[in-house]
Every structure is written in structure tokens, then in C-alpha cells.
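Visitor: prediction below, plus the sequence it came from.
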Amino acid sequence: MTKNTRMNKRQFLKTAGLATTSAVAAGTLAAPYVKSQSPIRWRLQTYAGPALAEHVIKPSIDAFNRAANGEMEIELYYADQLVPTGELFRAMQRGTIDAVQSDDDSIAAPVDVSVFGGYFPFASRYSLDVPVLFNHYGLKEIWEEAYGEIEGVTWLSAGAWDPCNFATVDPIRSLKDLEGKRVFTFPTAGRFLQRFGVVPVTLPWEDIEVAVQTGELDGIAWSGITEDYTVGWADVTNYYLTNNISGAWCGSYFANSERWGEVPEHLQTLFRLCMDSSHYYRQHWYWWGEAHYRTTGGKLELTSIPEEEWQTVEEEGLKFWDEIAAESDRSARIVQILKDYRETMQKAGPPYRYG
């Protein structure tokens, strides 16, 4: 070793100290999450009350919290618990809450696609129609496009729930029986049902059972029979109409954009997996429940409007589609997708469509 390359002890310690400091600094900047750090905390509100949430969201949120391993925790709140359902979108946009599970229609999302959330008349016949439309017919990209134009909220995922049938105090056996019925339902469904004399009523979710008991409501067109039994509505109504205006409710998950952006990629992936888990659970739970409670429920008597009479309602639904299509170019694109899908299903025949 030459004189120029020889390093004394003092120089070595000084150089090593600088190297160690640099390594620590670099390690701090790229430090992985450790359990001693405070977890990311979200407040998520669902459209559902406690009994229904036990099925439609709670298992997936519980699973997420376990799998997140202390890195993130989601606090789940039920219908109207923190914010009235109709104000959920604005509350999420402001950051009052971090995420929402509901439909675009009920939370008054300020986008033209919101009319297609919830129960858009006759858009689906079965629950599988919804994920097919989103994943194979382009609705996913249209929803991303629409919410991409809105500040502060990110649309995450859509899935199917149950059909839209009437549960009523008095029997419905003809279209005439619908006239004057005060019914709790969704905004767009109510707008459509007004054509047949139905009077849509908006109330907080937890007040519905009492409203039926006091006569403020004559019935409910907010769900299928599975929910009627699960949440207690089968205890205050007497009849269930087998005809429905939609085969599946279309609901979504949304998040405050800033809060979503703060979530690391691996936790975003975990949350997406848990949303998919929720979508899958509902597919089989509702499919089971709609048949189970019709045949063994014992509380509600089934009634039906004759098929030839109900056909006039379906035909009116297609007129409604064209009216909505005229409201915006994007709505027109969605309606065309629904028409193309309907034609494909009819051509495919059973089990896709009968008759």
C-alpha cells in the first residue's frame, strides 16, 4: 500500500460514519411499514342497516382488517349512521367519510351515469347480468370515465345485489292495484313506477318498518324477498309480488380520492380483492335466498300480475330507456349497450333468457 492510499484509523472511522449516516437516511426514506407505525384508518358507510350489512359488506371488511395486519383499519358504519344516505357523495367528496358502499342513484352522485345505479328498469334479468355488463360490455370503462370528471371521489367497483320486487300490506294482482300505493323505493325506480300510479316515498332506512305499521307506507319496492325476511319487513307486510322491474340492484364502492391515493398499492390490491369477495358472496346468498324464502319463508303470500299484462310494463321500460338516452351522449352509449346485451341474451335463449 502506497503512502497516498494508506488510510489511518481516524480517517477510516470518519469515512465509515458518513457511509453509515447515508445508509440510515436512505433506509428512512424507503422504510417499509412496521407495526409500530399508526395504521391508516378509514370510515366507510354502507347503505345497509346492521342486519343486512352482516351479509352485504361486514364479512369482507372484517377479512380486510385481519389481512391488513395492522397496516390499515376500516371502521364500518351503517345506513344513515354518520351521514344521511342522500348526502353520502358530498360527505365523501369533502372527506367527512373516506369510503361508501351504495348505489350512485341513492347517494345523489352528480354524474349522468347515476340514473343507471340502483334499479334501472329492466336493465338486468339475473344478478350475473351486472358483472357481465361491467366487465365484458364496457360499463366499467364508462363509469371510470364519468367519475374521472368529478373532483374528489374515485369509483372503485360495481356488483349485483337482489331484484326489485314489491312487498305490500294488500295484495297486488293487477297493474290497477298499484295505483295510489305509497311505496319506499329508489329515486329512478320511483320515477319509473309513477307511470303506473305508484307514489314514491323517501324515508330514512331505519324508519321503514314503523312507517308500514303506521300506514304511512303501503309497501316497499327496495329489494327482493331475501332482504324482506332478513331485515324484518316480512313481519310487517303480507304479500310479495313475483314480477319485478329489475333482476338485480347495481351497487358500487367509492372512496375519497385523496384518501385512496394515500393507501399503498398492496393494500389497494387487498381492498379490491375484498370487494370481489363481497360481490361473490352476494351472488350466491341472494340466489339461494330468493328461492328459499319464496318456498319456505311462511310469512309472505306470493302474488303475480299476469304475464301479458306485465309485458306492458316491460314495453314502457324500453320507452323509459330512450328518454334517458336523450339526456346525454354517455347515457345514450349505455342504453345502446343495454339494448345490444338484451338482444344477445334473447338470441342465446335458455338459460340466458326464456320466452
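Guide: Structure received.

Visitor: okay, how far is it across stretch 220-234, tip to tip?
Guide: Between the opening and closing residues of stretch 220-234 we find a distance of 10 Å, counting by C-alpha to C-alpha, to the nearest Å.

Visitor: let me redo that: stretch 216-224
Guide: Between the opening and closing residues of stretch 216-224 we find a distance of 21 Å, counting by C-alpha to C-alpha.

Visitor: distance from the chain centre to it, please.
Guide: Taking the mean C-alpha point of stretch 216-224 and that of its whole chain, the gap between them comes to 20 Å (C-alpha atoms, centre = their mean, to the nearest Å).

Visitor: also stretch 258-276?
Guide: For stretch 258-276, the gap between its own C-alpha mean and the chain's C-alpha mean amounts to 17 Å (C-alpha atoms, centre = their mean).

Visitor: state the mean pLDDT of that stretch.
Guide: Stretch 258-276 comes out with an average pLDDT of 98.

Visitor: buried residues in it?
Guide: Within stretch 258-276, the residues that qualify as buried by neighbour count (16 or more other C-beta atoms under 10 Å) are 259-260, 263, 267, 270-271, 274-275. All C-beta spots, glycine's among them, are computed from the backbone N, C-alpha and C.

Visitor: just the pLDDT for residue 37.
Guide: We have a pLDDT of 73 for residue 37.

Visitor: now do the SS call for it.
Guide: Of the three states, residue 37 takes coil according to DSSP: H, G, I helix; E, B strand; the rest coil.

Visitor: can you count the residues close to it?
Guide: 11 (other C-beta atoms under 10 Å).

Visitor: circling back: next, format the buried residues of stretch 258-276 as JSON lines and append distance to residue 285.
Guide: Output for those, formatted as JSON lines (distance: C-beta to C-beta, whole Å):
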{"residue": "259", "distance to residue 285": "29"}
{"residue": "260", "distance to residue 285": "27"}
{"residue": "263", "distance to residue 285": "28"}
{"residue": "267", "distance to residue 285": "26"}
{"residue": "270", "distance to residue 285": "22"}
{"residue": "271", "distance to residue 285": "21"}
{"residue": "274", "distance to residue 285": "16"}
{"residue": "275", "distance to residue 285": "16"}
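
Visitor: pick the one among these closest to residue 60.
Guide: Distances from these to residue 60 were compared by C-beta to C-beta; the smallest belongs to residue 274, at 4.4 Å.

Visitor: the closest one: which element?
Guide: Of the helices and strands defined by DSSP states H and E, residue 274 is found in helix 265-296.

Visitor: which element is the spatially most central residue of the chain on?
Guide: Most central in the chain under C-alpha atoms, centre = their mean is residue 251, positioned 2.4 Å from the mean C-alpha point. Mapping residue 251 onto the secondary structure by DSSP H and E places it in strand 250-256.

Visitor: mind checking how far that strand is from the chain centre?
Guide: Counting by C-alpha atoms, centre = their mean, strand 250-256 comes out at 5 Å from the chain centroid.

Visitor: also stretch 274-288?
Guide: Taking the mean C-alpha point of stretch 274-288 and that of its whole chain, the gap between them comes to 12 Å (C-alpha atoms, centre = their mean).

Visitor: ok, now which ones touch the closest residue to the residue nearest to the centre of the chain other than its chain neighbours?
Guide: In this structure, residue 251 finds its nearest non-sequential neighbour in residue 103, 4.6 Å apart by C-beta to C-beta, 6 or more residues apart in numbering. Residues touching residue 103, when contacts are defined by C-beta atoms under 8 Å, 6 or more residues apart in numbering, comprise 47, 117-118, 186, 249-252.

Visitor: give me the number of residues near residue 217?
Guide: 24.

Visitor: the closest residue to it other than its chain neighbours and residue 163, how far apart?
Guide: Nearest residue to residue 217 in three dimensions, chain neighbours excluded: residue 211, at 4.4 Å (C-beta to C-beta, 6+ apart). Distance, residue 211 to residue 163, using C-beta to C-beta, to the nearest Å: 22 Å.

Visitor: so for these two, which residue has more residues nearby?
Guide: For residue 211 versus residue 163, the count of surrounding residues by other C-beta under 10 Å is larger for residue 163: 24 against 18.

Visitor: contacting residues for that one?
Guide: Residue 163 makes contact with 127, 224, 244, 246-249, 290 under the criterion C-beta under 8 Å, 6+ apart.

Visitor: thinking again about what came up before, next SSE downstream of the strand holding residue 251?
Guide: The next secondary structure element downstream of strand 250-256 (using DSSP H and E) turns out to be helix 257-262.
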